[in-house]
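Engineer: predicted structure and sequence below. I'll ask about it afterward.
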Amino acid sequence: MEDKKKDITIEPTTRVNEQELTTLNFGPIHPATHGVMQNILKVNGETIVECDQTIGYIHRAFEKIAEHRPFYQITPLTDRLNYCSSPINNIGWHLTVEKLIQADIPKRVDYMRVIIMELARISDHLVCNSVIAADMGALTGFTYVFQWREKIYDIFEEVCGARLTTNIGRIGGFERDFNPAAHKKIKAFLQGFSKMFNEFKAMLERNRIFMDRTIGVGGISAERALNYGFTGPNLRACGVDYDVRVMNPYCSYQDFDFTIPIGSAGDVYDRFMVRNREIEESLKMIKQAYDNLPEGKHYGEVPEFYLPPKADVFTKMEALIWHFKIVMGESDVPVGEVYHAVEGGNGELGFYLVSDGGRAAYRLHFRRPCFIYYQAFPEIVCGGMISDAVMTMSSLNVIAGELDA
Amino acid sequence: MLVLNTFANWNWVLITDKLILIGILFAVALGIAAYSTLAERKIAAFMQDRIGPDRAGFFGILQPIVDGVKSIMKEEIIPGRAHKFLFILGPCIFMTVALMTYAIIPWGKDLFINGKPFSLQLADLNVGILYSFAIVSLGVYGIMIGGWASNNKFSLLGAVRASTQMISYELAMGLSLIPIVMMASSLSLRDITEAQAGWNWNIFYQPLAFIIFFTCALAECNRTPFDLAETESELIGGYHTEYSSMKLALFLFGEYVNVFVSATIISILFLGGYHFPGMENLGLSPNWLSIVSICTLFAKIFFMIFVFMWIRWTIPRFRYDQLMKLGWQIFIPLCILNILATGLVMTLFTR
């Protein structure tokens, strides 16, 4: 503990008497923390000298709960990790199970999943970027992009019936195909989004005050970021082109044409710009996936996990048995150990699943990117000002649900 | 006996006139400040593609009244270890001081009632500008006292930010006005207004001074991009973190009064006050002319209030050190240069 302290504390530029420092409780209920986590800041005037963290305010022991539940009941738990982009978590979990049982999934499901996941990524990045501006006092961008996040949620609602905690899809595919309303909403979204997004970018990207506030603030070097285990936009902002979608393609991501934007300085501005570019790339991907959506079934042949159609349950013996087994959580899973990672809204969201052949996981671990970013927070903010800490917090996109699991 | 004599010597007509004017001014100032809150919310809603308050009356027209009633009815909380007297004194000073500047504003040309002139200015001080600065800078005491008395670190930080900010920007604000004073050769607001008749608005002669003064006015009103004293995302609410009910409303309301004052002073100093080109040639009777002049001034004031709100809902805020840098390292040198340039031009060309 002592060593770790030494490692992360930056010496104050001028020697100050310990008694002259003020201790500020930055959280757990503070408008800037966007969730429940506590930072105990020692400040010299406005300059942060030391930062101590407390986490676990909304720890819900999901990993332990997961050891007692059938696989299909773990999907709603993953909703509550990064609740800004729950479909990615849901689908990531489904992909993990499909990897364990080595299911064969049709192309159409992959493409549908890409559409949903990229929509979720857009909504996640929109929230993060607009909150950076909102924390700076420019509330207009925040409320302005939120109506488009609403439209994304409308699409989710058509596909799965829920908006925020979606519980979208099933192991093996989707619970239902895109309905006509969903098609209409996706088309409307693809048409109208760019215009709004360009306005949002025009408001902030070259704004002098915004640039002064963000350039060179909350920066971290690529080396330190890699040492911490950064992934996702926060790592790419440092100039490392690591993206799970490219490095380890899943869900037919290799079919799509997209680029991975990277930054150079790893500061708040670079994170902002990387996220903005990624939104555009995601939009491109959705367009490609939607235009080339293959025909076929919206689910794969995974009878032991995918509920059979209701009509079959009432008329066919086999379907009834599967239905019963799935609902009662009696589907046996093969013995095995898999790790599957998806590119979440925040970074590499990994699921490490150990199965000893029972009906539930022997051990399930979520690799949650926020948990890693938040560890670097003291190192990044020490030496900066209180206002910078706020910006850094929102640009790292630390989401309490994912931090604490 | 002496007392009676003194009373008898008073100019009772003048006192009644002024009391009537004070009453009207209070009503107008508070009314405009109240409806500024509605205007702000409506403008914000317009910019953010929302509807804004529309439940209380048509177009939300009763919203300020509802807000006022709500703040009065709410529970009043004074934090346990706060300094009770100063805690109450803070918002009172802030509000009182905000309203005091109206004394020197020339609202329009004189009205003539029964042939006698009725001045639409409470007091035509010959040091008008100095008075307004003196009063406006007192406002920081309200914030400072309120923030300190709250016994809250966030409040204290907000109060310290507010006071440093106000002190820094007052300098630039005062310096930016010196060219105007040089051109009008008077500190009286009435004289400065009269000097701008026709198209001779100061904004055309002194655009730099206008920009600096306008920015400083934003800073003095604690509005975005200079709302560092409140910064809901950093200091929760800054100096008014611990305030509730009507005392909070006094702080927030005082801010809108300040906005109105600033808009008025800007209109008078730079936008020609109650003048508009060709006003004298309309051939109106003096009373009608007076009414037109009042309307002109208010049109300018409303436009400036709109600009204040427009900026608030567009631009992000500065950081504390950037704010200081802008004030001390950019504005003050620019002001001094502006003074020198004005002096040079005046010496070379007026003779």
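Structural biologist: Thanks, I have the structure now. For clarity, every value in this text was computed on a predicted model and none was experimentally measured. Numbers count the residues shown, from 1 in each chain, chains lettered A, B, ... in the order given.

Engineer: quick one: contacts for the residue minimising distance to the centre of chain A?
Structural biologist: Centroid check for chain A by C-alpha atoms, centre = their mean gives A:G345 as the closest residue, at 3.0 Å. A:G345 makes contact with A:N82, A:C84, A:S85, A:I88, A:A120, A:R121, A:D124, A:H125, A:C128, A:G232, A:N397, according to C-beta atoms under 8 Å, 6 or more residues apart in numbering or on different chains. Using the backbone N, CA and C atoms, a C-beta is placed for each residue, glycine as well.

Engineer: dump those to CSV, plus neighbour count, pLDDT and secondary structure.
Structural biologist: Listed next are the contacts of A:G345 as CSV, based on neighbours: other C-beta atoms under 10 Å in any protein chain shown; pLDDT from 0 to 100; DSSP: H, G, I helix; E, B strand; the rest coil:
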residue, neighbour count, pLDDT, secondary structure
A:N82, 26, 88, coil
A:C84, 25, 88, coil
A:S85, 27, 88, coil
A:I88, 28, 92, helix
A:A120, 28, 92, helix
A:R121, 29, 92, helix
A:D124, 29, 92, helix
A:H125, 25, 92, helix
A:C128, 24, 90, helix
A:G232, 26, 88, helix
A:N397, 28, 88, coil
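
Engineer: tell me the one of those residues nearest B:R312?
Structural biologist: Closest approach between those and B:R312, by C-beta to C-beta: A:C128, at 23.3 Å.

Engineer: which non-adjacent residue is nearest that closest one?
Structural biologist: A:N397 (4.3 Å; C-beta to C-beta, 6 or more residues apart in numbering or on different chains).

Engineer: hmm, the one you found is touching A:Y374, no?
Structural biologist: No - using C-beta atoms under 8 Å, A:N397 makes no contact with A:Y374, being 10.3 Å away.

Engineer: relative to chain B, how far out is the residue nearest to A:C128?
Structural biologist: Note on A:N397: its distance to chain B, by C-beta to the nearest C-beta, to the nearest Å, is 15 Å.

Engineer: kindly report the same for A:F314.
Structural biologist: 49 Å.

Engineer: helix or strand for that residue, which one?
Structural biologist: helix A:310-315 (DSSP states H and E).

Engineer: which helices and strands sit right next to that helix?
Structural biologist: Packing contacts for helix A:310-315, counted by 3 or more C-beta pairs under 8 Å, 6 or more residues apart in numbering or on different chains; DSSP states H and E, involve helix A:317-327.

Engineer: pLDDT below threshold where in the chain?
Structural biologist: As the question left the chain open, I've gone with chain A. For chain A, residues meeting the criterion pLDDT under 70 lie at A:1-19.

Engineer: oops, chain B please
Structural biologist: Applying pLDDT under 70 to chain B flags residues B:1-10, B:351.

Engineer: now the residue nearest to the spatial centre of chain B: how far from chain A?
Structural biologist: Taking C-alpha atoms, centre = their mean, the centroid of chain B lies closest to B:V261, which sits 2.1 Å from it. Here the criterion is C-beta to the nearest C-beta. By it, B:V261 lies 22 Å from chain A.

Engineer: check which helix or strand covers that residue.
Structural biologist: helix B:245-270.

Engineer: show me the contact partners of stretch A:236-247.
Structural biologist: A:220-222, A:225-226, A:230-232, A:235, A:250, A:253, A:258, A:260-267, A:270-271, A:273-274, A:341-343, A:348.

Engineer: and the stretch 201-350 of chain A, which of its residues are near chain B?
Structural biologist: A:M203, A:L204, A:N207, A:I209, A:F210, A:D212, A:R213 (C-beta under 8 Å from any C-beta of the partner chain).

Engineer: and the first one, which of the three is it?
Structural biologist: Under the three-state scheme (DSSP: H, G, I helix; E, B strand; the rest coil), A:M203 adopts helix.

Engineer: before we move on, the earlier item: and whatever helix or strand comes next after the helix holding B:V261, what other elements does it pack with?
Structural biologist: The first helix or strand that comes after helix B:245-270 along the chain, using DSSP H and E, is helix B:286-312. Packing contacts for helix B:286-312, counted by 3+ C-beta pairs under 8 Å, 6+ apart, involve helix B:12-47, strand B:111-113, helix B:245-270.

Engineer: ok, residue 163 - how many residues close by?
Structural biologist: All of this is about chain A. Residues within reach of A:R163, counting by other C-beta atoms under 10 Å in any protein chain shown, total 15.

Engineer: was after chain B, sorry
Structural biologist: Neighbours around B:S163, by other C-beta under 10 Å: 19.

Engineer: how about B:A82?
Structural biologist: For B:A82, using other C-beta under 10 Å, the count is 19.

Engineer: contact partners for it?
Structural biologist: B:A149, B:S150, B:N151, B:E242.

Engineer: quick one: buried ones out of these?
Structural biologist: Neighbour counting with 16 or more other C-beta atoms under 10 Å in any protein chain shown marks B:A149, B:S150, B:E242 as buried within these.

Engineer: which parts of the stretch 251-351 of chain B sit against chain A?
Structural biologist: B:W313, B:T314, B:I315, B:P316, B:R317, B:F318, B:R319, B:Y320, B:D321, B:Q322.

Engineer: is the third one in contact with A:M136, as I believe?
Structural biologist: No - distance between B:I315 and A:M136: 9.2 Å, which falls outside the contact criterion (C-beta under 8 Å).

Engineer: give me the common contacts of those two.
Structural biologist: Taking C-beta under 8 Å, 6+ apart as the criterion, B:I315 and A:M136 both touch A:I209.

Engineer: tell me where the stretch 201-350 of chain A has strands.
Structural biologist: Here the stretch 201-350 of chain A has its strands, by DSSP state E, counting those that start in this stretch, at A:335-343, A:348-356.

Engineer: for A:I326, which of those is the nearest?
Structural biologist: A:I326 lies closest to strand A:348-356 among these, at 16.7 Å (C-beta to C-beta).

Engineer: contact partners for B:I105?
Structural biologist: B:Q121, B:L122, B:L189, B:T264, B:I265, B:I268.

Engineer: give me that answer again for 7 Å
Structural biologist: B:Q121, B:L189, B:T264, B:I268 (C-beta atoms under 7 Å, 6 or more residues apart in numbering or on different chains).

Engineer: so which of the residues you listed wins on neighbours?
Structural biologist: Neighbour-wise, the contacts of B:I105 (other C-beta under 10 Å) top out at B:I268, 28 neighbours.

Engineer: right, and A:V43 touches A:T22 too?
Structural biologist: Yes - between A:V43 and A:T22 there is a contact under C-beta atoms under 7 Å: 5.1 Å.

Engineer: these two - which one has more neighbours?
Structural biologist: Taking other C-beta under 10 Å, A:V43 and A:T22 do not tie; A:V43 has more neighbours (20 against 14).

Engineer: isn't A:N167 right up against A:I74?
Structural biologist: No - with contact defined as C-beta under 7 Å, A:N167 does not count as touching A:I74 (10.5 Å).
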